[in-house]
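J.: Sequence first, predicted coordinates after that:
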Amino acid sequence: MRITIAILAALCAGTQADAGEPEISAVLHGLMQFDAAQYFQSASAHLLPAANGPDLSDGSNFRRVYLGVQGKALSVWSYNLNFDFGGSGGTEKDGHIQSAYVQYDGFSPLAVRVGAFAPPAGLEDSTSAQDTLFLERAAPSDIVRNTAAGDGRDAASLIYTGERVFAALSYTGGKVGDGAVFDEQTALVGRASGVVHRDADSVFVLSASATRVLRAAGSAAGPRLLTLSVAPELTVDSTGAKLIGTGALDIDSATEWGVESAGEWKSFYAQAGYLRYGIARHGAPDLALGGWYAEASLVLTGEGRIYGKSSAAFAAPKPKSPLENGGWGAWELACRYSVVDLDQNAGSAGAAAPADGLRGGEQKIWTAGLNWYPDTVFKLALDVQHVQIARISGVAPYADAGQTFDAISARVQFSI
């Protein structure tokens, strides 16, 4: 469902447009995601300090409420203006600019994009928010996304989109709505992806990505700080608890890289990625951290996920027999396992961390999901998680701050 508005060039530039050939087009688009979740924590978890998530907040929120317009102008320009009115505090921002950019397409298949948007930073990262297998992207990818990419990031990008090859190089700054700093963060974000096999029943893709933080955000005389942290692949908790995290690190530079792959055969889909985070600390030993994930799905009704060359990522299946035509839509079973390790020489509980150590914690998550696509507009999702957090507190008495818990969550999604 789309609404297209044609505006003649005479209204914008005072020139006469050719009959039947509008110079400017606009397509309205929107996305609503309403989430609800229940956390099941043990009695021992309730004894943890507040920073370690003793009581994660059950409830609901509007994860995303997008409203925007995109289109083309004068045949060589395109644009996208998108606002997110979702979020309920905690792990999310209040209403903000999700993307606002212009793009020059006159060098096709090479494009130049400038503004605020999510620069391509990986395969999982490039999957549209409305097409993810689960309510949230895999945590190892989210750390990369949040370091120097992600929604609303000030950026300038060169993007190459071929039939089998996709590549992007971006120079990025801060995010729209960030707090004031003396110097904004600057970084380079790159991604290259290729279709290595494709036929009528299958497609296989390889993707490599890298991020280099050239300068972390800093104050006039203070340190330049970078924090790596991530929520447990669910953002309903209104307390905003992130159960693993490095804390603010005084850094000289940071480098992240990853390799990911995805493949589909008929209605079976699989994807995996390995990501590393290298931190050059100022006046302290360097850090080498990382994570990985693997996920798969099976569409029980026979449809397949759809590869899109413009993002070099996969989109949700389109039902062959939608509900409005008397069918049952498309049904998809999915599973994922992810690991993020932000520990380095963490030592043991009851003692201070070694001088070169870091107690960021380790997070392991099993997720099983069921997705129902009644048609191309609605989606209903149900996820079940088993989360394991291993972490030693960085403050005396250096106690075990880990926990294991389960969560069940659901989403109602509407997109146009």
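T.: Arrived safely.
J.: Need the nearest residue in space to residue 294, chain neighbours excluded.
T.: residue 272 (4.2 Å; Cβ to Cβ, 6 or more residues apart in numbering). To be clear about C-beta, it is placed using only N, CA and C from the backbone, and glycine gets the same treatment.
J.: same question, residue 212
T.: What sits nearest to residue 212 in space, not counting adjacent residues and going by Cβ to Cβ, 6+ apart, is residue 188, at 4.7 Å.
J.: if we look at the sheet, which residues does the closest residue to residue 255 other than its chain neighbours bridge to?
T.: Distances taken as Cβ to Cβ, 6+ apart place residue 278 nearest to residue 255, at 4.4 Å, with adjacent residues excluded. For residue 278, the beta-bridge partners under DSSP bridges are residue 255, residue 288.
J.: residues touching residue 278, list them.
T.: Contacts for residue 278 (Cβ atoms under 8 Å, 6 or more residues apart in numbering) come out as 254-256, 286-289.
J.: State the distance from the closest residue to residue 400 other than its chain neighbours to residue 286.
T.: In this structure, residue 400 finds its nearest non-sequential neighbour in residue 349, 4.9 Å apart by Cβ to Cβ, 6+ apart. Using Cβ to Cβ, to the nearest Å, residue 349 is found at 25 Å from residue 286.
J.: picking that back up, my guess is the residue nearest to residue 212 meets residue 158, correct?
T.: No. The criterion here is Cβ atoms under 8 Å, and residue 188 misses it with residue 158 at 11.4 Å.
J.: Residue 24: how many residues sit nearby?
T.: Residue 24 has 20 neighbours, counted by other Cβ atoms under 10 Å.
J.: Mutual contacts of residue 188 and residue 158, please.
T.: 169-170.
J.: what separates the residue nearest in space to the middle of the chain from residue 256, distance-wise?
T.: The C-alpha lying nearest the average C-alpha coordinate of the chain belongs to residue 125 (Cα atoms, centre = their mean; 4.5 Å). Distance, residue 125 to residue 256, by Cβ to Cβ: 11 Å.
J.: before we move on, what about residue 107?
T.: 29 Å.
J.: out of these two, which sits in the more crowded spot?
T.: Each of residue 107 and residue 256 has its neighbours counted (other Cβ under 10 Å); residue 256 has more, 27 against 11.
J.: ok, and the closest residue to that one other than its chain neighbours, which helix or strand is that part of?
T.: For residue 256, ignoring the flanking residues on the chain, the nearest one in space by Cβ to Cβ, 6+ apart is residue 211 at 4.3 Å. Using DSSP states H and E, residue 211 sits in strand 202-215.
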